[in-house]
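Participant: below: sequence and its predicted model.
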Amino acid sequence: MASLAQQFTGLRCSPLSTSRLSKPFSPTQTKTTLLPIVSASVISNAQTKERLKLKEIFEEAQERCRTAPMEGVSFNLHSFYSALEKYDFNSEIGTKVKGVIFHTDNKGALVDITAKSSAHLKVEDACMHKIKHVEEVGLVPGVKEEFVIIGENEDDDSLILSLKTIQFELAWERCRQLQAEDVVVKGRVVGANKGGVVAVVEGLRGFVPFSQLSTKSTAEELIEKDIPLKFVEVDEEQSRLVLSNRKAMADNQAQLGIGSVVLGTVQSLKPYGAFIDIGGINGLLHVSQISHDRVSDIATVLQPGDTLKVMILSHDRERGRVSLSTKKLEPTPGDMIRNPTLVFEKAEEMAQTFRQRIAQAEAMARADMLRFQPESGLTLSSDGILGPVTSDLPIEGLDLSDVPSAVTE
């Protein structure tokens, strides 16, 4: 009752109206007025209990923080340091970091490298080749790559990344490997100066001095042409790449054995024959060496850009001339006109037969010489070959253009 009395403290009742419209006082009206007051008292008691409960929880938590702050907590000090190591990295220039691209535009890409802010990859640093948009080289949101830090943006302290730098490093490493292996590579001539031509190899611009060019073409004629090259000097520190076409051509020529079959591409057609590119060397396929059957119009058999197999008939290294033949590779006279595919399929087999016949002819010629030199002691082998080829033979081999074919003409 005491609390109920407190509820009534300070309450004022409006005076009863004396109007004839006023209803007389009744016990029913008094009972109805008391219901909200009792309900408010019950709510007040519930709120008080809730506050007491929260106070106990708070005091208990405060005591636990004072006496045992880490009890029941899985994240400890070691976990904290581990998290720092995971998200902290060396942001010095030259450091390689891994990141995920999450936005691209015509200026470049934004990369998440788990730093305090996103890093920026400019479009000019996205590739060693010139591009207009990073997506041209497959750099789209979600792609994960390794980048190298090349700078810092002063406006927002974000890092500037590069893929081009890494690509150049790999290109130099590849060139050093190719130089060590002493292999012949293809280079696209893209420019020229007073000392030579500039060719692109493995994405790098190399210099080919005029003294290292074996072709008689002018520098202007070589622009946008592919030429065989070998490495002379690979110096990444000095950004110096020197190449030689002459050394590459010498290697190619050494492989042009008489009677060997090589793959070539038709470069141009002339009334007297077709010029064939065989590994950077232009050889002549004379009209008389295309087929056993007469060829009145070369264009009916060959077209520029055609790929075909040819046999080396002769090779004049001093004059840089190579004579070729498809006629010697025909299983049946006229196959080069009617069925060139069959000629190319049987090329190695026909060339082997041709070389055996040549070897036997040479052996018989040397055997005839022995009649006048019996003291040499040489004898014919079971294959009809008389010992090794002597130094009396020309270094470029024999001209075999007039040797009869294995098939009847």
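Facilitator: That came through fine.
Participant: for residue 122, name its beta-bridge partners.
Facilitator: For residue 122, the beta-bridge partners are residue 108 (DSSP bridges).
Participant: repeat for residue 311
Facilitator: The partner residues for residue 311, given DSSP bridges, come to residue 261, residue 325.
Participant: could you measure from it over to residue 350?
Facilitator: Separation of residue 311 from residue 350 (Cβ to Cβ, to the nearest Å): 8 Å. Heads up, the C-betas are built off the backbone N, CA and C, glycines and all.
Participant: which residues do these two both contact?
Facilitator: The contact sets of residue 311 and residue 350 overlap at 328, 329 (Cβ atoms under 8 Å, 6 or more residues apart in numbering).
Participant: the two: which is more packed in?
Facilitator: residue 311 (25 against 22; other Cβ atoms under 10 Å).
Participant: I figured the more buried one was touching residue 325, is that so?
Facilitator: Yes: the criterion here is Cβ atoms under 8 Å, and residue 311 meets it with residue 325 at 5.1 Å.
Participant: can you pull out the helices in the stretch 301-409 of the chain?
Facilitator: Using DSSP state H, counting those that start in this stretch, the helices of the stretch 301-409 of the chain run over 335-338, 340-345, 347-370.
Participant: residues near residue 305, how many?
Facilitator: Residues near residue 305, counting by other Cβ under 10 Å: 8.
Participant: that one: what's it in contact with?
Facilitator: Going by Cβ under 8 Å, 6+ apart, the list of residues near residue 305 reads 265, 266.
Participant: and the gap between it and residue 312?
Facilitator: On the measure of Cβ to Cβ, residue 305 and residue 312 end up 22 Å apart.
Participant: got it, and residue 181?
Facilitator: Residue 181 is 26 Å from residue 312, by Cβ to Cβ.
Participant: which of these two has more neighbours?
Facilitator: residue 312 (22 against 8).
Participant: where does the stretch 301-409 of the chain dip in pLDDT?
Facilitator: Where the stretch 301-409 of the chain drops to pLDDT under 70, the residues are 317-320, 368-409.
Participant: again, only using 50
Facilitator: 376, 378-409 (pLDDT under 50).
Participant: please look at residue 113 and residue 121 and confirm they touch.
Facilitator: No: between residue 113 and residue 121 there is no contact under Cβ under 8 Å: 10.2 Å.
Participant: give me the common contacts of these two.
Facilitator: 147, 161.
Participant: ok, the two, which is more surrounded?
Facilitator: Legend: neighbour count by other Cβ under 10 Å for residue 113 and residue 121, higher for residue 121 (26 against 18).
Participant: wait, isn't that one in contact with residue 109?
Facilitator: Yes: using Cβ under 8 Å, residue 121 is in contact with residue 109, at 4.5 Å.
Participant: shared neighbours of the two, anything?
Facilitator: Common neighbours of residue 121 and residue 109 (Cβ under 8 Å, 6+ apart) are 101, 134, 139.
Participant: quick one: secondary structure of residue 227?
Facilitator: Using DSSP: H, G, I helix; E, B strand; the rest coil, the structure places residue 227 in strand.
Participant: torsion angles phi and psi at residue 235?
Facilitator: The phi/psi pair for residue 235 (degrees, to the nearest 10) reads phi -130, psi 100.
Participant: so it bridges to which residues?
Facilitator: Bridge pairing for residue 235 - DSSP bridges - gives residue 240.
Participant: that one and residue 211: what is the separation?
Facilitator: Taking Cβ to Cβ, one finds residue 235 at 19 Å from residue 211.
Participant: likewise residue 321?
Facilitator: Residue 321 is 22 Å from residue 211, by Cβ to Cβ.
Participant: would you say residue 157 is within a strand?
Facilitator: No: Residue 157 is assigned coil when assessed by three-state DSSP, not a strand.
Participant: wait, what's in contact with it?
Facilitator: So residue 157 contacts 116, 117 (Cβ under 8 Å, 6+ apart).
Participant: cool, and residue 164?
Facilitator: By Cβ under 8 Å, 6+ apart, the neighbours of residue 164 are 124, 125, 126, 127, 128.
Participant: can you tell me which of the residues you listed are buried?
Facilitator: 125, 126, 127, 128 (16 or more other Cβ atoms under 10 Å).
Participant: in TSV: those, plus distance to residue 356.
Facilitator: Putting those into TSV (distance: Cβ to Cβ, whole Å) gives the following:
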residue	distance to residue 356
125	61
126	58
127	54
128	51
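Participant: what about the helices in the stretch 101-250 of the chain?
Facilitator: 164-181, 219-222, 245-254.
Participant: distance from the chain centre to the first one, please.
Facilitator: Offset of helix 164-181 from its chain centre (Cα atoms, centre = their mean, to the nearest Å): 13 Å.
Participant: likewise the second one?
Facilitator: In terms of Cα atoms, centre = their mean, the gap separating the centre of helix 219-222 from the centre of its chain is 28 Å.
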